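can you look at this prediction? I've put the sequence above it.
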Amino acid sequence: MMDHAPVLMIVLPVFASLALTLIGPLGHRAAYGLLILSIAGSLAAAMATLVQVVQAGRAVQYRMGDWMPPMGIELVIDHLSAGVLVMISGCALLTAIYSMHTARQDNPDRLNHYYALFALLVAGLMGMTATGDVFNLYVLLEISALSSYGLLARGKGKAYYATFRYLMMGTIGASFYLLGVGYLYIMTGSLNMADLSEILKQPELGESVNVRIGFTLIILGVWIKMALFPLHAWMPNAYSRAGTTTACLIAPLMTKVSVYVMLRIMFTVFSADYVFQQIAWSRLVIYVASAAAVLGMITALSQRDLRKMLTYIIVAEIGYLTGGAWLANTAGYTGAVYHILADGLMTLCLFMAVGAIIYRTGVSTSAAMEGIFQRMPVTAGVFLIAGASVVGIPPFCGFFSKWYLLQGAVQAGEWVFVASLVIAGLVAATLFFRLLEKAFFGRLDDAVLETGSKTSHTAARTIRWNEAPLTMLLPLVLTGAALLGLGIYTNEVVRYLIRWSVPAGM
Amino acid sequence: MFSPAFYQAAPVIAVCASLGAVPLIAASRRHPNLREFWTFAAAALKFSMVLLLAGWVLAGNVVEVTLIQVLPQLGIRFKVDAFGIVFALVSSFLWIVAAAYTIGYMRSLSEHAQTRFFICFALALCAAIGVAFSGNLLTLYLFYEMLSLSTYPLVAHHQDKEGRGGARKYLTFLLGGSVGLVLPAMIVLFTLVGNLTFADNIHTGIIPPGTGDTLVFCLFFACLFGFAKNGVMPMHAWLPGAMVAPTPVSALLHAVAVVKVGVFCTTRVMLYVFGTDLMDALNLGVLTAYIVSFTIVTASIIAMTRDNLKARLAYSTISQLSYIILGVALLTPAAVQGGIIHIVNHAFAKITLFFCAGAVYVVTRKKNISEMGGLGRVMPFTFGAFALASLTMIGAPPVGGFITKWYLLKGALDAGQLAIILVLVASTMLNIVYFAPVTFQAFFGRAPDETTGPTEIREAPLIMVVPIVAAALLSLLTGIFPGVMMQFVRMVIP
């Protein structure tokens, strides 16, 4: 069983997805239970693989059908992918548990079909991360994209239109990626990542224009998929109009996996030397990333709708990640990888908290936050923790990501990126502070009318305690605790996991 | 007395005592007396730990404990030395005094949300002692941020429009300074030095030789203005705004914990990160002295124009905090000692003054000085304590403030900074101008015409008067027996 863990973590959700389409007559509980079981199995397999990788100190390779690479497809899980796999399955499991009320609310008639797409998306994401073959990656990319289109279209209001735009942009992005892979295949004759990296080491290929075009196309395609400014326009509407569960599943994961793909292509297929010496425009990426960070946060500040605000925060975080990866030093790379894990958790936490608040209050603008400390104290507390993490307050994980990213930027002398990180942090602080104020003070004008005076020493008017249901609260609290835990154990994560994945030549 | 292993654990216990009290306070929300007991129990535990550590440090030991290794090169690290002990002794002792006063105040006014109040109080004190015992800049930053966040609900306690405005300014300045200035400076320092542990004496600092002057200047001023809790202009605007908080908050936090954490962080960084040698070489000390002199004088002038008693005290605090930074910036042994001892003297006196303001409000609901004529005759203990405490601000014997003034003047003379001496003299004059009339009016002035005469007003309740008189007597004692605290201060200067 242990030997097959790498493939199990992809295959279990696929089989579950098939079973879920058939399980309709057995009712909601059965569908929910099957989904949770399959994703829990996937998580267990991912954790087993992680342990294996850390103990062995090198990558775990699994040959699909026992066919030999480079013709056969293989799964390669090294220190980088192992961590991301655990994050994907962990976040998916938490979302699955969380989804009991909201998914049923959004999909009263076709819950099992919804969960089937859910499981398929998870399988696609896990596969993208685990695979060692660039074309296989494309296949799984499309699997996850198609499932996500289906899931997102089940949202509210103009969700169809937003999803259609996302479909167009996503397909363009995937096509760019495919085109890039095509160029590489023409030049190298191989689709296996390890094989490609060997072949690409040859000097004539290193100079070749076609290879450079291939690289650029792949990177552009991935940037569209991860919504890097200015290619992000499809994301805010698509994610904010989605159902609560869909947003919680997709928002933390899809863009992060695309960042993972970028890192894979940059450092495993190609090499740090190639990217930073041969590619002329590599220094410019930092400026794009800085712009993404600052403009994303500022736009988030101007949003009234809570979930749109969160998606613009994602745009800013993608800016951090891209900048970190393209800084060309160890600290920046460590920051980027750590931030993949940290941001996945933070985004999940924020979306879950906001989802719970919207579920209970029925309001999706910032007005929903009024008096939330009295109404839903636990949810409000966890939201505050996630906000503190985004701003970068120790000891939460967001502080340590910022630490590494800033360290990398200072070492590289990229002061624009330093300034953008600081400014984005301040804007995030303003953003969360405004919400905190609303949460703490409630609606002041009502209080003035009631008591007739500007100051009140008597108890603020009592707001009924109406906390989120347990199936929503439990994953939320676990995620909040994970933010703290990841922060405190930063040293362990960096030493045992991330340090081993730093590419040579940095 | 105890084994060294005990002293390794003592700082952790001291910091976490109130953290442990938080769930107990939350659980006892329906039993006010039990809830208050937890606050006192935690305060007593904290103070006894600090006292034991003080004895150990006096014997010449320094305690260093690494709590958690969060980054490969850095951990959450505690270091207990003489400098930290001075601050820790003051804040942990005054918490006990303030707890008694706070209970009296909150109960007399039947304030709402008392449980939340005491929980945040406990968290704030945990952060304050954490700052006192920080062994590196990361730990200092961690507890500094914890303090900003845990005091927000205290400043915003009344949950009205004024509270919202005041609390907004509070967090804007504090977080803006720390996230915008201190965080980047800290990371640049880490990249330069390789770790952030404080030096073990005040002279060497940790900046490697050969670092560019511009960079050092940028880092220094990022820290000076970034630790906005120190009230240096222009980062002072949060202080008067934070006076919307209930008076016990103003008293303990803005006279003792929050603002003292600000100056403590600033002086800790000045002495143990930059070091007197580097500051002397680059003339940073003199430059800082002039910058804070501006604050000293301007804040005093503004204080003169304020009729609201708490506002006047707030500006006085801004002015007095810069005395501390001035003392350390002058770099001569006498001046540094004067600056550090003022942490103690100012704390005792300011807390007395704020307690008096609170007592006056509880009894008469009056906030403005112009309405307080004749009150001294009915509230002799309150205004007597006020008079004694204002002597510290003025710097007259026999109270502790005189010791401060003496050392600062001597230090300025040693440094040859005659302009600073003028600033100190001018500031003394200004202090007399805005403090003396309050006491004078209270005892010898005429009561403003009211239908309800002052005969209905009595002295404040005993649970408030006792802490007031205790704090005032302490400021007297620090003047008569300065040696007790000065022995720690002398250990800071080798």
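The structure has been received and is ready for your questions.

now the strands for the chain?
I went with chain A, as the question did not name one. With strands called from DSSP state E, chain A shows them at A:60-63, A:74-77.

please go with chain B instead
Going by DSSP E, chain B shows strands at B:63-68, B:76-80.

in a markdown table: those, plus mean pLDDT.
Formatted as a markdown table, those follow (pLDDT from 0 to 100):
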| stretch | mean pLDDT |
| --- | --- |
| strand B:63-68 | 85 |
| strand B:76-80 | 90 |
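
report how many residues lie close to A:G425.
26 (other C-beta atoms under 10 Å in any protein chain shown). Every C-beta, even on glycine, is put in place using the N, C-alpha and C of the backbone.

give me the residue from the stretch 201-350 of chain A nearest chain B.
When scored by C-beta to the nearest C-beta, the stretch 201-350 of chain A has A:A331 as its residue closest to chain B, at 8.5 Å.

doesn't A:Q407 make contact with that residue?
Yes. The pair A:A331 and A:Q407 qualifies as a contact (C-beta atoms under 8 Å) at a distance of 4.3 Å.

for chain A, which spans come out with low pLDDT?
Within chain A, the stretches with pLDDT under 70 are A:1, A:443-464.

change it to 80
A:1-3, A:69-70, A:155-157, A:441-466, A:505-506 (pLDDT under 80).

so where's the longest helix in it?
helix A:330-361 (DSSP state H).

what helices or strands is that one leaning on?
Helices and strands touching helix A:330-361, by 3 or more C-beta pairs under 8 Å, 6 or more residues apart in numbering or on different chains; DSSP states H and E, are helix A:79-106, helix A:244-264, helix A:306-325, helix A:372-375, helix A:377-391, helix A:397-412, helix A:470-488, helix A:490-493.

could I get those helices as CSV with distance to A:T188 and mean neighbour count?
Shown next, in CSV, are those (distance: least, C-beta to C-beta, whole Å; neighbours: other C-beta atoms under 10 Å in any protein chain shown):
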stretch, distance to A:T188, mean neighbour count
helix A:79-106, 22, 24
helix A:244-264, 16, 27
helix A:306-325, 23, 26
helix A:372-375, 56, 22
helix A:377-391, 41, 23
helix A:397-412, 31, 26
helix A:470-488, 38, 20
helix A:490-493, 34, 19
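
in a markdown table: the ones you listed, plus distance to B:A128.
Below are those laid out as a markdown table (distance: least, C-beta to C-beta, whole Å):
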| stretch | distance to B:A128 |
| --- | --- |
| helix A:79-106 | 36 |
| helix A:244-264 | 36 |
| helix A:306-325 | 32 |
| helix A:372-375 | 24 |
| helix A:377-391 | 19 |
| helix A:397-412 | 20 |
| helix A:470-488 | 22 |
| helix A:490-493 | 25 |
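
list the contacts for the nearest residue to B:L430 once chain neighbours are set aside?
Leaving aside its sequence neighbours, B:L430 sits nearest to B:S300 (C-beta to C-beta, 6 or more residues apart in numbering or on different chains; 3.8 Å). The contact partners of B:S300, taken as C-beta atoms under 8 Å, 6 or more residues apart in numbering or on different chains, are B:315-316, B:319, B:427, B:430-431, B:434.

how about A:F399?
Contacts of A:F399 were listed using C-beta under 8 Å, 6+ apart, and they are A:389, A:392-393, A:487.

ok, which pair from these is furthest apart?
A:G392 and A:G487 (10.7 Å; C-beta to C-beta).

quick check: neighbours shared by those two?
Common neighbours of A:G392 and A:G487 (C-beta under 8 Å, 6+ apart) are A:398-399.

so B:V433 touches B:M304, yeah?
Yes. Contact status for B:V433 versus B:M304: in contact at 5.9 Å, counting by C-beta under 8 Å.

and the strands of chain B, which is most packed in?
strand B:76-80 (a mean of 24; mean count of other C-beta atoms under 10 Å in any protein chain shown).

so how far is that strand from its chain's centroid?
Relative to the mean C-alpha coordinate of its chain, strand B:76-80 is positioned 20 Å out (C-alpha atoms, centre = their mean, to the nearest Å).

also stretch B:4-24?
22 Å.

just stretch B:205-224 next, same as before
On C-alpha atoms, centre = their mean, the centre of stretch B:205-224 falls 26 Å from the chain's centre.

before we move on, what about stretch B:99-114?
Between the centre of stretch B:99-114 and the centre of its chain there are 22 Å (C-alpha atoms, centre = their mean).

what's in contact with it?
With C-beta under 8 Å, 6+ apart as the criterion, stretch B:99-114 contacts A:457-460, B:32, B:35-36, B:39-40, B:43, B:117-118, B:121, B:157, B:246-248, B:251-252, B:355, B:358, B:362, B:461, B:463-464, B:466-468.

A:T129 contacts A:S81, correct?
Yes. If you go by C-beta under 8 Å, A:T129 and A:S81 touch, sitting 5.0 Å apart.

shared neighbours, these two?
A:Y260.

I'd like the strands of chain A written out as a markdown table, with mean neighbour count added.
Listed next are the strands of chain A as a markdown table, based on neighbours: other C-beta atoms under 10 Å in any protein chain shown:
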| stretch | mean neighbour count |
| --- | --- |
| strand A:60-63 | 17 |
| strand A:74-77 | 23 |
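
and chain B, which of those strands is closest to it?
Comparing the strands of chain A by C-beta to the nearest C-beta, strand A:74-77 comes nearest, at 24.0 Å.

with the contacts of B:S300 in mind, which one is nearest to chain A?
Top of the list for closeness to chain A, among those and by C-beta to the nearest C-beta, is B:Y315 at 22.2 Å.

show the pLDDT at that closest one.
Looking at B:Y315, its pLDDT is 91.

now the strands of chain B as TSV including distance to chain A?
Listed next are the strands of chain B as TSV, based on distance: least, C-beta to the nearest C-beta, whole Å:
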stretch	distance to chain A
strand B:63-68	6
strand B:76-80	8
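
now tabulate those strands in a markdown table and tack on distance to B:A387.
Formatted as a markdown table, those follow (distance: least, C-beta to C-beta, whole Å):
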| stretch | distance to B:A387 |
| --- | --- |
| strand B:63-68 | 40 |
| strand B:76-80 | 37 |
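
mind checking these for the one nearest to A:I143?
Across the strands of chain B, A:I143 has its closest neighbour in strand B:63-68 (41.5 Å, C-beta to C-beta).

please state the offset of that closest one from the chain centre?
The chain centroid and the centroid of strand B:63-68 are separated by 25 Å under C-alpha atoms, centre = their mean.

cool, stretch A:479-487 as well?
With C-alpha atoms, centre = their mean, you get 16 Å for stretch A:479-487.

circling back to that earlier point, from the contacts of A:F399, list the ones also adjacent to chain B.
The subset of the contacts of A:F399 within reach of chain B, by C-beta under 8 Å from any C-beta of the partner chain, is A:392-393, A:487.

of all the residues you listed, which comes closest to A:V494?
A:G487 (11.9 Å).
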